[in-house]
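Chemist: Could you look at this predicted model? Sequence included:
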Number of protein chains: 2
Amino acid sequence: MSVTAPAGFAAAGRACGIKADGVFDLALVAADPPRPVAGAGVFTTNGAAAAPVRVSRAHLGATGGRVAAVVLNSGCANAATGAPGIAAAELTAAQTAAHLGVPPESVLVCSTGLIGDPLPLAPLLGGLPALVAGRGSAREDARACARAILTTDTHEKEVVIEAGGALIGGMAKGAGMIAPNMATMLCVLTTDADVAPAVLHEALAVAVGETFNQLTVDGCTSTNDSVIALASGRGPALTPEVLTEGLREACSALALELAKDAEGTTRVARITVVGARSVDDARRAARRVAESSLVKTSLFGADPYWGRIVSELGASGAAFDLDRVSVAYGGVVACAGGVAAAHDRAAAAAALAGDVVEITCDLGLGSAAATIVTCDLGHGYIDENMKTS
Amino acid sequence: MSVTAPAGFAAAGRACGIKADGVFDLALVAADPPRPVAGAGVFTTNGAAAAPVRVSRAHLGATGGRVAAVVLNSGCANAATGAPGIAAAELTAAQTAAHLGVPPESVLVCSTGLIGDPLPLAPLLGGLPALVAGRGSAREDARACARAILTTDTHEKEVVIEAGGALIGGMAKGAGMIAPNMATMLCVLTTDADVAPAVLHEALAVAVGETFNQLTVDGCTSTNDSVIALASGRGPALTPEVLTEGLREACSALALELAKDAEGTTRVARITVVGARSVDDARRAARRVAESSLVKTSLFGADPYWGRIVSELGASGAAFDLDRVSVAYGGVVACAGGVAAAHDRAAAAAALAGDVVEITCDLGLGSAAATIVTCDLGHGYIDENMKTS
């Protein structure tokens, strides 16, 4: 069900011809019946933010967080497309709004695909009437919507959770270029909770900061990252705490799905740094390990070479004393006190052979901790990314 | 000739049994006749610095920059080895000093290889007498020395240049784990110039900062990076400017060799950012592009996908205005004013197909510039790094 599970939403997904061979490429999530409801968005920090990001930010600012619909396309990022790109994103929002009978600024826009190509407006605008007319609240409507935003993802990513009597549904796409401060990822969350736009925005920002922003696939921050939340108000009111926790749970589940389905990935790892002097230090150290090409290549080879991990911790800039460092694979301590520790090699190898590898690094200096989710770097990543055409 | 080209130096390289099958693994560069001469070193900034780095730093501090010899081994990094590792490095220096008849603290130590393994002291110390006794100043002595420090490098890296009537010789090893603030790289430079230790140190620091530290293979800063310079004083006195320029030229030549011979590399790229608001911005932007897995994978595929470059520039944190950005491959402008520019695709493809690719990014905001040398990311890197044993 995902985005149509909470009361008050309809969704649709279809092929409009941006992609070849009838592959789904156009998606809609709309309040049902169509009207502006509480909405919030968190977007890429990339200075080269794409046109749809710029337009969506402006619309949210103009309406004060009142959103009737999100229209999304895959197959083109509409990034590095100049003023024509902005006009194309605005036109997409305006025509979607006209078909729904809502104000143009209550529609947000998301795009994903290659950077630098002009948005194919003719097929996109031509596809809007059928997209809007065909929307619905059934499981298959949400699934079609989730399918239409995929690029190199291999399957739809959907979630539904319950929080304080309200439902939160979500869909996301990921694949490559996933890193700090949002990823080449789009995510739309819906809830029937009754919540003010400002509260929704704050809760979303916290949830994204602790989930998607703690995920790194290749350290690349995309031009198009967007996480958007809509609240229909058809269900119970939630405290900010319950809302935040619910959004965090939904985002966390989707983030793990993104990591597992990252381009060419065979293995996901959770890098946890404990014993850091500060949370900033813990995050810096964990991210350095998680983004290391050498550590990621070791993960691909299921090779417990903890020396690379110690080296990255030492290079991270976090407060560091080699003599206090330990490294464990799935609880098997391979390095203690900064030197090799006698350990069960078969157990370490088994910990590395799983789908989700747990690596814990103890800096031995304090009590702060952080976890970053990453994935391995293998031949699949090279094959998927070496040629775009 | 490399390190034995300048008057006043002898060198040796041989197999002592750290590596299997008689592969060279022990090297010596010594003042000839043996006595302390002016010496300087620049070392890794990694907080997990290896034992030989710690010992060499301490020796340079204790002597005020008087160095008689450098003893180097490959096959083991002697990193993350605790107090026994420090003792092993001290013992290596002391026994080398005894064989040469010089003070123990006038000997520096370098190691390269896997992190976390104890240094095989028995073969190393057992090999020292023959190493010291067999030293010489012939071309083959320098070549054997340069060979004995290699790990996954495919060939020796040597250089000789002339500066102000003096000679500067150098040897280096590189391969993986090469990045800012030194690399998994060792480099020994010799000169017959007559120069004080403090002047030599300052010149070396500047030269390294502008050459090796502007090279990145995979963003990983190793535990063992060391660049050491010795000056015999047998030749002319040099001004600091001439000495610095000479060391820069020697280091630059060796840095390019390191990039070309990096693990699994098929292609080297020089990423130049111009039009930045400050040199810091230019370096930050160039480094972000140079370390991007997506950009490096595109280089492997010889794919002129400039969108990834624009995205990394935007994510770099440098002052940035997308509308002013241009990107050129070997002078072929593929992006101008932040959007696709009509260009000769065959010429762009040709620029990407060469051994050394020139990529120029103009931020259009100022006059500062910087260049970072990097290499592609392809299947060879994965194969070389996925398993260490």
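Modeler: Structure received.
Chemist: can you give me the helices in the stretch 251-389 of chain A?
Modeler: A:279-290, A:293-300, A:306-315, A:345-353, A:379-385 (DSSP state H, counting those that start in this stretch).
Chemist: Need the contact partners of the shortest one.
Modeler: With contact meaning CB atoms under 8 Å, 6 or more residues apart in numbering or on different chains, helix A:379-385 is reached by A:152, A:176, A:218, A:263-266, A:300, B:293-294, B:297-298, B:300-301, B:377-379, B:382. C-beta here means a position set from N, CA and C on the backbone, and glycine is covered the same way.
Chemist: likewise stretch A:10-23?
Modeler: Against stretch A:10-23 from outside (CB under 8 Å, 6+ apart): A:3-4, A:24-30, A:32, A:73-76, A:113, A:120, A:123-124, A:126-128, A:130-132, A:134-137, A:141-149.
Chemist: low pLDDT regions in chain A?
Modeler: Counting by pLDDT under 70, the ranges of chain A that qualify are A:175-184, A:216-221, A:263, A:388-389.
Chemist: Number of residues surrounding A:E245?
Modeler: A:E245 has 18 neighbours, counted by other CB atoms under 10 Å in any protein chain shown.
Chemist: let me redo that: A:E241
Modeler: 10.
Chemist: Which residues are in contact with A:E156?
Modeler: A:E156 touches A:R143, A:A146, A:R147, A:L150, A:M171, counting by CB under 8 Å, 6+ apart.
Chemist: List the ones among those residues that fall in strands.
Modeler: A:M171 (DSSP state E).
Chemist: nearest to B:E312, of the contacts of A:E156?
Modeler: Here the nearest of these to B:E312, counting by CB to CB, is A:L150; it sits at 23.8 Å.
Chemist: Hmm, A:H155 and A:R143 touching each other?
Modeler: No: applying CB atoms under 8 Å, one finds A:R143 not in contact with A:H155, separated by 10.5 Å.
Chemist: Domain-wise, how is chain A divided?
Modeler: Domain assignment for chain A, taken from automatic domain parsing, gives A:2-260, A:268-385.
Chemist: Between those, which one is closest to B:G275.
Modeler: Of the domains of chain A, the one closest to B:G275 (CB to CB) turns out to be domain A:2-260, at 14.5 Å.
Chemist: so how far does the closest one reach from one end to the other?
Modeler: 19 Å (CA to CA, to the nearest Å).
Chemist: And stretch A:269-282, by the same measure?
Modeler: OK, stretch A:269-282 end separation, CA to CA: 16 Å.
Chemist: Same question for stretch A:11-26.
Modeler: End-to-end for stretch A:11-26, by CA to CA: 11 Å.
Chemist: For A:A97, list the residues it contacts.
Modeler: A:A68, A:A69, A:P103, A:P104, A:S106, A:V107.
Chemist: mind redoing it with 10 Å?
Modeler: Residues in contact with A:A97 (CB atoms under 10 Å, 6 or more residues apart in numbering or on different chains) are A:P34, A:H59, A:A68, A:A69, A:V71, A:P103, A:P104, A:E105, A:S106, A:V107, A:V132.
Chemist: what does the stretch 1-150 of chain A have sitting close to chain B?
Modeler: Applying CB under 10 Å from any CB of the partner chain, one finds that the stretch 1-150 of chain A approaches chain B through A:44-50, A:54, A:77, A:79-85, A:113-118.
Chemist: let's see it at 8 Å
Modeler: A:45-49, A:77, A:79-82, A:85, A:114-118 (CB under 8 Å from any CB of the partner chain).
Chemist: is it possible to export the domains of chain A to CSV including distance to B:V356?
Modeler: Shown next, in CSV, are these (distance: least, CB to CB, whole Å):
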stretch, distance to B:V356
domain A:2-260, 24
domain A:268-385, 21
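Chemist: closest point of the stretch 51-200 of chain A to chain B, which residue?
Modeler: A:I115 (2.6 Å; CB to the nearest CB).
Chemist: mind checking how far the residue of chain A most remote from its centre is from A:A336?
Modeler: The C-alpha centroid of chain A is most remote from A:A342, which lies 39.1 Å away (CA atoms, centre = their mean). In this view, A:A342 and A:A336 are 9 Å apart by CB to CB, to the nearest Å.
Chemist: swap in A:P197?
Modeler: Distance from A:P197 to A:A336, by CB to CB: 50 Å.
Chemist: between these two, who's got more neighbours?
Modeler: A:P197 (20 against 17).
Chemist: and the more buried one, what does it touch?
Modeler: Contact analysis of A:P197 by CB under 8 Å, 6+ apart lists A:A38, A:G39, A:A40, A:G64, A:G65, A:R66.
Chemist: Surely the first one is in a helix?
Modeler: No: secondary structure assignment places A:A38 outside any helix; it is strand (DSSP: H, G, I helix; E, B strand; the rest coil).
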